[in-house]
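> when you get a sec, could you give me coordinates for this:
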Amino acid sequence: MKIITAGRTDLNDYFKLSGIREYKKLSHTPFLVFIPLKDEVKVELIDSIIKLLDYPNDTQVMSQWRGQWSSDFFQFKISELKKNLAEILKRIIISFK
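Below is the predicted model:
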């Protein structure tokens, strides 16, 4: 089943500036995780980036980034989140050399 979501896909600033990596729990703006079932789509509310890592790479996610004057919604797959986290880890490791 194909799931079509509408949201921004320019993820570099979102992953870097939104704060999702720093907060242990996102109770005001949880992630929406879309899980295709046989005849329907289950939407789960997830409040932590750590919990997102338990989902398969092709799982679609939407998240709200609350701005000062307006909010934006972003869409991404777990694989994109993992790629971003791997790049951060790589930079940290290089900085210790």
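
> neighbours of the closest residue to residue 81 other than its chain neighbours, how many?
For residue 81, ignoring the flanking residues on the chain, the nearest one in space by CB to CB, 6 or more residues apart in numbering is residue 52 at 6.2 Å. C-beta coordinates here come from the backbone N, C-alpha and C atoms, glycine included. A total of 19 residues lie near residue 52 under the criterion other CB atoms under 10 Å.

> again with residue 74
21.

> now name the helix or strand holding it.
Per DSSP states H and E: residue 74 is located in strand 71-77.

> next SSE after that strand?
Trace forward from strand 71-77 with DSSP H and E and the next one is helix 78-95.

> tell me what that next one is packed against?
helix 11-17, helix 49-52 (3 or more CB pairs under 8 Å, 6 or more residues apart in numbering; DSSP states H and E).

> got the angle for that helix vs strand 71-77?
90 degrees (axes from the mean of the first three to the mean of the last three CA atoms, to 10 degrees).

> would you confirm that residue 6 contacts residue 60?
No: Residue 6 is beyond contact range of residue 60, at 11.5 Å (criterion: CB atoms under 8 Å).

> ok, these two, which is more surrounded?
Neighbour tally, residue 6 and residue 60, criterion other CB under 10 Å: the higher count belongs to residue 60, 20 against 7.

> next up, identify which helix or strand the residue nearest to the more buried one when sequence neighbours are not counted is on.
Once flanking residues are discounted, residue 60 sits nearest to residue 34: 4.5 Å by CB to CB, 6+ apart. If you go by DSSP H and E, residue 34 is part of strand 31-36.

> partners of that strand, with directions?
Looking at strand 31-36 with DSSP bridges, its partner strands are strand 41-46 (antiparallel), strand 60-66 (antiparallel).

> other residues contacting that strand?
1, 3, 5, 41-47, 49, 52, 55, 59-63 (CB atoms under 8 Å, 6 or more residues apart in numbering).

> and the residues you listed, which of them are buried?
46-47, 49, 52, 55, 59-63 (16 or more other CB atoms under 10 Å).

> run a quick neighbour tally on residue 76.
Using other CB under 10 Å, residue 76 is surrounded by 23 other residues.

> next one: the closest residue to residue 75 other than its chain neighbours from residue 65, what distance?
Closest residue to residue 75 apart from its sequence neighbours, by CB to CB, 6+ apart: residue 7 at 3.6 Å. Distance, residue 7 to residue 65, by CB to CB, to the nearest Å: 10 Å.
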